[in-house]
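Chemist: Provided below for reference: sequence and predicted model.
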Amino acid sequence: MTAAKPPLQLNDQGQLRHFLSLDGLSRDLLNEILDTADSFLEVGARAVKKVPLLRGKTVCNVFFENSTRTRTTFELAAKRLSADVITLNVSTSSTSKGETLTDTLRNLEAMAADMFVVRHGDSGAAHFIAEHVCPGVAIINGGDGRHAHPTQGMLDMLTIRRHKGDFDKLSVAIVGDILHSRVARSNMLALKTLGCPDIRVIGPRTLLPVGLEQYGVQVFTDMDQGLAGVDVVIMLRLQRERMQGGLLPSEGEFFRLYGLTPQRLALAHPEAIVMHPGPINRGVEIDSAVADGSQSVILNQVTYGIAIRMAVLSMAMSGQTAQRQTNSESEEQA
Amino acid sequence: MSISILGARLLDPANDLDRVDDVHLDQGRIVGIGTAPVGFEALRQIAGEGLVMTPGLVDLSVSLREPGQTRKGSIASETQAAAAGGVTSLCCPPNTRPVLDTTAVAELILDRATVAGHAKVFPIGALTRDLQGEQLAELVALRDAGCVAFGNGIGGLHNSRTLRRALEYAATFDLTIIFQPQDHDLAEGGLAHEGPTASFLGLPGIPESAETVALARDLLLVEQSGVRAHFSQLSSARAVEMLATAQARGLPVTADVALYQLILTDEALADFSSLYHVQPPLRSRRDRDALREAVRSGVIGAIASHHQPHEDDAKQAPFGATEPGISSVELLLPLSLTLVEDGLLELPELIRRLSSGPATALRLPSAGIQLGAPADLLIFDPAGQTLAGEQWLSKGRNCPFLGHCLPGRVRYTICDGRLSYTT
């Protein structure tokens, strides 16, 4: 009964104006993000690491949840694009004084911010902000609840593409706590859109959400079977609190069943790469010998993360600016 | 005021009535069907050609939000909205502030409803004090103050022993208990039906078993205690199946469904719109279809709005931080006519589920279109249309149907012989 709404994160020309989730983004657009990030990787290798794309723009990192890696790489990405950057850890400031999410963001908007990078514990928070709070500001989702972590998804894709080439012949396994993982959701969507023919998820049934078939993935509860011959292994972080409430008996039993050891990794393709969004729990989901081993690309992911974030920030800023121009022109005509 | 309604189609399935005739009202009652009594003079005549007259609608759950939450709604605003939806009698749940667990609160609600005069209000009392699930409220005193049934909100009582005793106590005095079955532990933290949509959106799920596990317990304790029981807001196919089995075994249990559950599914959540955040959650298409079938077959005898008005701020947050509920009593008739339009229900069945069905479930007075009965009537134009939101009387604008063009138009709502709503 509801009329179809235009896609929230795209402008009238189909360019990014927000970056909220990978749902609904075309393969071409994902490839454009990867290509743009590739070009920014060169910038990172130069002696002077800055480009002037966002000069004069203000980027606010608003983190309602703790983060080190994501927050820092967003900050670096914005700085390398020459933007002015402010980072707020809201979890420890305004909300504890009773200010609502809406009020916090509207205050920042009033300070003439051009872009918000938002991390929030509620699924859908970034959508809410883009739709109802600050539609004129580009919103970048830095992780919302269990829903999406689209820049992590894209940096994982960049990692895979740079190490393994095209997606259309690859076998990728995602292992661990799929249920609570926004990274897993974004990765499954990205892999599907990019044409990966064999996406596997591996975990115990307590950590697998219902309805996984909608992502076009194969589900394995046996780690050895799931890893057989894969080209890419993406391990997920297991939170300590999962030991409560009957999801898992112990970290030890989890490691025994789903921990990535050198022996298990030997079941994958000999040139398989090992990824992890970090922070890693050594001895819980991954053995140190694997994390620090030759097949691990975990630290490369961090480097690529800056390039991906530069790509997304610059693309969304230009899409949002274009949309504002279109809007003001149509207002003038009206 | 004396009123004659001339030439309307009189439709009251509970009284086997379906014919075109005149109806005459005086001093709050129906004084003539067909011919007017000797000496009757109508101060007002309503031309009824092309219109349908039915018993006034009976809504088993309309949150009035008063006392305590008047930012969301007031007794005056929400009963007026109800009249616009064709309602002449409504029940209000006990989750007011303070909770409806004392006669003082019941009296306050009834007094203000009488002053407002838009609809007859039948309060549902709290089963336990402050809805805490520990100490029983003074059920008999509340009954004497006007409470028609007792409930403890969604989830009911956590403690099965306390519940068992509460039911036995209620059975002693032939009180009716309303259950909204949801297992506290299985539903805890959940925001949406556990299914592909919730998984995709990363919203914590409420499994079907949250409803069925609680329903199983509740049905067994109802059977053991022999209490009169009504199950409210059922949401899943499996729960309907369990209820039908219990009814088939001879357990005299009734049930209602929220009207929006017959229309929407969890797929509506796809872009995180908080307008679709409801409790119990919107479930799958299969569940919705089973609910429709149960309404058709009569396993579910009542359709209720489960009207929950909110101020705008309550819905202005990320999905999980918003308050659940839809403001919908104002659209009760036109929205439910979509079920007829879609061929899911015949009009007489629909009217039954919206009037005699709910009245019977909670033993509310509803004599329908009969000589001498109170004149609680709805007159609507079946060929007309309602643009939802064109006018809006409820304080809560949290309605996903605003802007929709719905079939049928309420023309007159008559409560105790007075026009409580006209267009």
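Modeler: Sure, I can see it.

Chemist: switch to C-alpha atoms for all contacts and neighbour counts from now on
Modeler: Noted.

Chemist: show me the strands in the stretch 101-250 of chain B, by range?
Modeler: For the stretch 101-250 of chain B, the strands defined by DSSP state E, counting those that start in this stretch cover B:120-126, B:149-154, B:176-180, B:192-193, B:205-206, B:228-231.

Chemist: please identify the helix or strand for A:A77.
Modeler: For A:A77, the host element (DSSP states H and E) is helix A:69-80.

Chemist: which parts of the helix or strand following that helix are buried?
Modeler: Using DSSP H and E, the next helix or strand after helix A:69-80 towards the C-terminus is strand A:84-89. Going by neighbour count (16 or more other C-alpha atoms under 10 Å in any protein chain shown), the buried part of strand A:84-89 is A:84-85, A:87-89.

Chemist: excluding its backbone neighbours, what's nearest the residue in the stretch 201-334 of chain A that chain B sits nearest to?
Modeler: Nearest residue of the stretch 201-334 of chain A to chain B, counting by C-alpha to the nearest C-alpha: A:G211, 4.3 Å away. Among residues not flanking A:G211 along the chain, B:P196 sits closest, at 4.3 Å (C-alpha to C-alpha, 6 or more residues apart in numbering or on different chains).

Chemist: could you do B:A116 as well?
Modeler: B:A76 (5.3 Å).

Chemist: alpha carbons of whichever strand or helix holds the one you found, as PDB, please.
Modeler: B:A76 is part of helix B:75-84, with elements assigned from DSSP H and E. Taking Å, rounded to 0.1, in the frame of the first residue of the first chain, the C-alpha atoms of helix B:75-84 are listed here in PDB:
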ATOM      1  CA  ILE B  75      -9.900  10.900  27.000                       C
ATOM      2  CA  ALA B  76     -11.700  13.700  25.100                       C
ATOM      3  CA  SER B  77      -9.400  13.500  22.000                       C
ATOM      4  CA  GLU B  78      -9.200   9.700  21.700                       C
ATOM      5  CA  THR B  79     -12.900   9.000  22.300                       C
ATOM      6  CA  GLN B  80     -13.700  11.700  19.700                       C
ATOM      7  CA  ALA B  81     -11.300   9.900  17.300                       C
ATOM      8  CA  ALA B  82     -13.000   6.700  18.100                       C
ATOM      9  CA  ALA B  83     -16.400   8.200  17.200                       C
ATOM     10  CA  ALA B  84     -15.000   9.200  13.900                       C
END
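
Chemist: tell me the helix or strand right after that helix.
Modeler: Next helix or strand after helix B:75-84 toward the C-terminus (DSSP H and E): strand B:87-92.

Chemist: export that next one to PDB, keeping only CA atoms.
Modeler: What follows is strand B:87-92, C-alpha atoms only, in PDB (Å, rounded to 0.1, in the frame of the first residue of the first chain):
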ATOM      1  CA  VAL B  87     -17.100   3.400  17.500                       C
ATOM      2  CA  THR B  88     -19.700   3.800  20.200                       C
ATOM      3  CA  SER B  89     -18.200   1.500  22.900                       C
ATOM      4  CA  LEU B  90     -14.600   1.000  23.700                       C
ATOM      5  CA  CYS B  91     -12.400  -0.600  26.300                       C
ATOM      6  CA  CYS B  92      -9.300   1.100  27.500                       C
END
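
Chemist: partner strands of it, parallel or antiparallel?
Modeler: Sheet pairing of strand B:87-92 (DSSP bridges) gives strand B:57-59 (parallel), strand B:120-126 (parallel).

Chemist: now do the contacts for residue 51.
Modeler: You didn't say which chain, so I picked chain A. For A:V51, the contact set (C-alpha atoms under 8 Å, 6 or more residues apart in numbering or on different chains) comprises A:43, A:80-82.

Chemist: my bad, chain B
Modeler: B:L51 sits next to B:8-9, B:379-382 when contact means C-alpha under 8 Å, 6+ apart.

Chemist: the residues you listed into JSON lines, with extra columns for secondary structure, pLDDT and neighbour count?
Modeler: Listed next are the contacts of B:L51 as JSON lines, based on DSSP: H, G, I helix; E, B strand; the rest coil; pLDDT from 0 to 100; neighbours: other C-alpha atoms under 10 Å in any protein chain shown:
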{"residue": "B:A8", "secondary structure": "strand", "pLDDT": "98", "neighbour count": "23"}
{"residue": "B:R9", "secondary structure": "strand", "pLDDT": "98", "neighbour count": "21"}
{"residue": "B:I379", "secondary structure": "strand", "pLDDT": "98", "neighbour count": "25"}
{"residue": "B:F380", "secondary structure": "strand", "pLDDT": "98", "neighbour count": "26"}
{"residue": "B:D381", "secondary structure": "strand", "pLDDT": "98", "neighbour count": "19"}
{"residue": "B:P382", "secondary structure": "strand", "pLDDT": "98", "neighbour count": "16"}
